[in-house]
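J.: The sequence isn't on hand, but the structure is:
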């Protein structure tokens, strides 16, 4: 072994000399014991992979010296233990791999070099939609439709699982990626190639951070970066600051883990943790189950951190046994973590490491709450919901405003549904979904919802039939314990039947609303509401007809469904009146923490997990019956509207092209703050009047066959047309919301894609102007690939979400950032100017560059290539081009 740290390698058990580990305690370096536990994982990976090429001794020293260098933008490499993908991001990754094989072959290399080196799991969970609900056969009908729509995609993924080594596919119908990871895929300790080492993971879904709740360091990366990791490249990252989050006290009896995470989300948004690790510690952590910790870690992207780490403790070890992991391996895991100083005792302060800063939360101060109506960080106490929504109605259009005229606040629209008359008003609930990895992994809130449903039914309460209710569990285990505990039938009576195993409503796969409901909403210009136990509620994401969307715990989802409106004060107003005329209040049916825990102890048992997961890869007969080609090179079907060879590598040569100054670029779009990846590249419904719809129609498809943007990510022709296609897009160049912009040479207002095509045909480069937090939300590589295909050469923003900036770099699009204190307003930029961006011959990370306008004005901006590695990718025209040249040479 050429590793300079071979001296600290030893067997964990002398009786098994071939099972070794790097014993970090033998570094005999006092700095190690002061490192945050999350940084210790980075250190172990650097030591184990140190080859003085990709990982150097100096990198190890920098990590050990974290306390001194954490503020200095020091770059370190990190090789995670594994990669995890879901199908929306997994399909384009496999498409890229297939196209890269073709490109390497054209350049004279061996195409089979394009093969995952780092183990990868791909969980198919984003394709199923809520087409059917409130009926006993909803699950089967939705799954049948899923296969009907996605057969071509699934066949392609099955080809990928056979053509590429080290890639395992978890078939549809198994559960949500992060819950399957938590309950089954996560190892906590890896046992590979004769070595024990900490499990760690990067994923092509931003909520990969959920696994941090189990003590597995993980976070979301762009699909492009994940592909490079799968091919053996380390992640190049700036050594992060680590914010210590001290949890104190014990939650109040009526508070759920959802309330805690929404409170933490708002708090950490205010603290400011973008680009940092958050590490939880303190006696309050010991009061939280692994499911509670996973809920908190899951919403890490919503509070902006890179990772939200809960080090492994005895509760983590107990969880591994509870979820059916092999007991002998679990005990070995505990011995390993003790040996390397990575097992935590949260009740003791003696292990508390150094942190960049410490903030705290007393869990006793948390109250029941929701978040919305348009952002996950906008927490609203349940007691304030009615007042807050009514304030939002009249407030100026924005994150907390809908700008409804005061005389319209009490408008009502009557409609008929299935032969009965109803009426809708502003605030009427039309979608109520128990969904999402954030909450469906947590038995306490799921059983809490079931017990509330039982009490509601017994009290004579019902849910109006036009409200689209649904239950999409994160794994088959959830259905198992809901059924065994006897609450499933009560959930069904309120309309919360199981509709599928996947992200569903949370990702925007909420399916259609009844036509009479949509007509009523449209007729009255009503602010209708979706309530979901999800993690994102950005405009246009959940459903085109729900302008307000609130995140809530599963029990609260049911409560608002019964109430039928968010304009209710649960403390003063009844949920409903039963057949006997009795008023039933929420407090009458809300289950206590003790009730929930008693049921959980009885019914959430290891046997359930073993039974569900031992057959997870073979139980889906529809998947088993798929016929996939066995060739190592994929045979592209020119008739396919799902899978298409992308143009990213057309004309690629082994020789590098020198980056050139971008001359006289037009501004394609001008944005304000918090433009999300949902705005840039929506995942949901394909509008019938959109460029993507026109393309699909020209290929002979009917609207019923359009499926979603997310399902079409293997076809660049659809995705380019779907870029900036969100119906809630706010572009400063046009007067109303929508996916349009001004084509300045002609003065015409056009769909964004059509305008970009005109610019491209005339040979004009494009840029985008934006405010703060550009690219917030999902780790969506098409939010970078799409603008690249439209001809966008650079984005100029006040700040970026971490993953999206990385994706832009990966596609060779320049992320530019205004200097501190400057923005479009202070510089007097209208976006109607033409921009020349001077690219110097010698580039350095985060250097200032000059931008000249055709008005004669000029200013400087920061070129946000943060590391030398990112500059290497830029010189290659992106990370995938770099990998192809490397593999072909």
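T.: Structure's in. What do you need? Everything numeric here is computed off the predicted structure, so don't read it as measured data.
J.: Show me the shaky parts of the chain.
T.: 1 (pLDDT under 70).
J.: quick one: the strands in the stretch 301-450 of the chain?
T.: Using DSSP state E, counting those that start in this stretch, the strands of the stretch 301-450 of the chain run over residues 307-309, 357-362, 369-371, 379-381, 412-417, 420-425, 429-434.
J.: can you put those in CSV and add mean neighbour count and distance to residue 870?
T.: C-beta here means a position set from N, CA and C on the backbone, and glycine is covered the same way. Converted to CSV, the strands of the stretch 301-450 of the chain look like this (neighbours: other Cβ atoms under 10 Å; distance: least, Cβ to Cβ, whole Å):
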stretch, mean neighbour count, distance to residue 870
strand 307-309, 28, 20
strand 357-362, 15, 27
strand 369-371, 27, 34
strand 379-381, 20, 35
strand 412-417, 15, 53
strand 420-425, 15, 50
strand 429-434, 29, 39
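J.: In JSON lines, list those along with distance to residue 607.
T.: Conversion of those to JSON lines gives the following (distance: least, Cβ to Cβ, whole Å):
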{"stretch": "strand 307-309", "distance to residue 607": "30"}
{"stretch": "strand 357-362", "distance to residue 607": "36"}
{"stretch": "strand 369-371", "distance to residue 607": "36"}
{"stretch": "strand 379-381", "distance to residue 607": "38"}
{"stretch": "strand 412-417", "distance to residue 607": "43"}
{"stretch": "strand 420-425", "distance to residue 607": "45"}
{"stretch": "strand 429-434", "distance to residue 607": "24"}
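J.: who wins for proximity to residue 337 among those strands?
T.: When the strands of the stretch 301-450 of the chain are compared by Cβ to Cβ, strand 307-309 sits nearest residue 337, at 13.9 Å.
J.: ok so, going back, list just the one of the strands of the stretch 301-450 of the chain that sits closest to residue 792.
T.: Residue 792 lies closest to strand 307-309 among these, at 29.6 Å (Cβ to Cβ).
J.: how far out from the middle of the chain is that closest one?
T.: 14 Å (Cα atoms, centre = their mean, to the nearest Å).
J.: ditto for stretch 163-177
T.: Put simply, stretch 163-177 sits 18 Å off its chain's centre (Cα atoms, centre = their mean).
J.: what do you get for stretch 702-717?
T.: Centroid displacement of stretch 702-717 relative to its chain, using Cα atoms, centre = their mean, is 20 Å.
J.: which residues touch the residue lying farthest from the centre of the chain?
T.: In terms of distance from the mean C-alpha position of the chain, residue 580 ranks first, at 46.1 Å (Cα atoms, centre = their mean). With contact taken as Cβ atoms under 8 Å, 6 or more residues apart in numbering, residue 580 is in contact with residue 460.
J.: That one belongs to a helix?
T.: No - counting by DSSP: H, G, I helix; E, B strand; the rest coil, residue 580 is not part of a helix but coil.
J.: For residue 870, see how far away it is.
T.: Using Cβ to Cβ, to the nearest Å, residue 580 is found at 68 Å from residue 870.
J.: quick one: contacts of stretch 332-341?
T.: By Cβ under 8 Å, 6+ apart, the residues outside stretch 332-341 that reach it are 12-13, 21-25, 32-33, 40, 44, 187-189, 191, 196, 198, 312, 317, 320, 343.
J.: next one: that stretch to chain centre, how far?
T.: Worked out by Cα atoms, centre = their mean, stretch 332-341 lies 31 Å from the chain centre.
J.: now do stretch 822-831
T.: That offset, for stretch 822-831, works out to 32 Å (Cα atoms, centre = their mean).
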